[in-house]
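Participant: with the input below, show me the fold.
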Amino acid sequence: MSEPAATALIVEITAEDDCPLEFFGDSADIVYFISFAHSERYGSSHPLSKATRILKRLRINLVPLLTFADARTESAAEEQALETMWQDPAPLAECARRVAQEIEATEQLRELSADFPELPDRLRELASMADWAAERGAKIRLTYVI
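Facilitator: Numbers count the residues shown, from 1 in each chain. Below you'll find the model as predicted:
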C-alpha cells in the first residue's frame, strides 16, 4: 500500500479480513469536504460549507460522514473519544453515495465543489468500502491525518 498523502482519510473496518478496496486517488477531497461540512454549523462561508447547506435542504442525513476524528491522539481522553467513532457502515454507504449523486446532478453543487473534482469518485469508493464492511457485519471508522 502506498504512503498516504499529507492529508488523507483513513478508513478502518473491524472485519476479520482486510478490505480489498481502496481509494483510486487522493482522499484529501473527502477530508476537506467533511471538515467544511462540519464547520457549516458555525457559519463557514467556504464553498463546501455552502454545498452542505444545499445537501441538508435535499434532506440528506450527513451525520455518517460527519462522524470522524483526527487519527493522531495525544491523550487517553482523545484515545477514548476515538473509540466512539465506530459506526454502522450501511448509513455511511448510503450517505456517501447520495452526496456523490447530488454533486453530479446539481449544477450549483458542481460549481461549489469545482475545486474538488474527484470528490464524487472518492465518495463512491468510500461507499463501496462501507458496503463491503456491511456485508461482513463489521463496523467502520473514519479518521484523518493532515
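Participant: and the residue nearest the centre of the chain, what's its pLDDT?
Facilitator: The centroid of the chain falls nearest to residue 65 when counting by CA atoms, centre = their mean (4.6 Å). pLDDT for residue 65: 97.
Participant: which stretches of the protein form helices?
Facilitator: Ranges of helices in the chain, per DSSP state H, are 28-39, 47-57, 76-83, 89-105, 107-112, 119-135.
Participant: pipe those helices into TSV and attach mean neighbour count, distance to residue 7 and mean pLDDT per row.
Facilitator: C-beta: built from backbone N, CA, C; applies to glycine. Below are the helices of the chain laid out as TSV (neighbours: other CB atoms under 10 Å; distance: least, CB to CB, whole Å; pLDDT from 0 to 100):
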stretch	mean neighbour count	distance to residue 7	mean pLDDT
helix 28-39	21	4	96
helix 47-57	18	14	96
helix 76-83	11	18	91
helix 89-105	20	18	98
helix 107-112	15	20	97
helix 119-135	21	12	98
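Participant: neighbours around the nearest residue to residue 56 once chain neighbours are set aside, how many?
Facilitator: Counting by CB to CB, 6 or more residues apart in numbering, residue 62 is the residue found nearest to residue 56 once chain neighbours are left out, at 6.8 Å. Neighbour count of residue 62, defined by other CB atoms under 10 Å: 18.
Participant: kindly report the same for residue 40.
Facilitator: With other CB under 10 Å as criterion, residue 40 counts 20.
Participant: from what I see, it and residue 49 are in contact.
Facilitator: Yes. Counting by CB atoms under 8 Å, residue 40 does reach residue 49; the two are 4.0 Å apart.
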